[in-house]
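1. Predicted coordinates and the sequence they were generated for:
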Amino acid sequence: MGKKILIVDDDSEQIAFASTVLEENGYTSISATNGIEGMGKVESEKPDLILLDILMPEKSGITMFRELRANEETENIPVIIVTGISKGEQFEERMMRQDFNIPAPQGYIQKPMKPWILLKLVNGLLS
């Protein structure tokens, strides 16, 4: 059984795509469709890494990321932000670092995800 990766995204196609890429490369994937469900999976499944969408209903990825970093048990889980918002706009960095004074995520992937970029980031963080 490979390292466990939690995919938190409200888009079922994104979850299916990421799960396929990860599982074909030896990882175990689990999923959640919003931040509330995601936090529950973090507690019950203890993932090695989290792929986290920013814009979701019920609890956003920003809120979930803040909660992860505020908890001693989850603060060191690597997080890769998956978003349709351009990295060039520096949306994630501004929201994560300046507004909330928390460390930046370990990586960013812009939608639509490219499999080789996903694997490069995941392999780099989990090797």
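-> Everything's here; your move. These numbers come from a predicted model, not from an experiment.
2. what ranges do the strands span in this protein?
-> 4-8, 28-32, 49-53, 79-83, 107-110 (DSSP state E).
3. Let me know which of those strands is tucked in deepest.
-> strand 49-53 (a mean of 26; mean count of other C-beta atoms under 10 Å). Where you see a C-beta, it was placed from the backbone N, CA and C, and this is true even at glycine.
4. Next one: the spatially most central residue of the chain from residue 72, what distance?
-> The chain has residue 51 as the residue nearest its centroid, 2.1 Å off, counting by C-alpha atoms, centre = their mean. Distance, residue 51 to residue 72, by C-beta to C-beta, to the nearest Å: 22 Å.
5. Am I right that residue 107 is in contact with residue 125?
-> Yes - using C-beta atoms under 8 Å, residue 107 makes contact with residue 125 at a distance of 6.9 Å.
6. Tell me who's in contact with the residue nearest to the centre of the chain.
-> 5, 6, 7, 8, 9, 18, 80, 82, 109, 118 (C-beta atoms under 8 Å, 6 or more residues apart in numbering).
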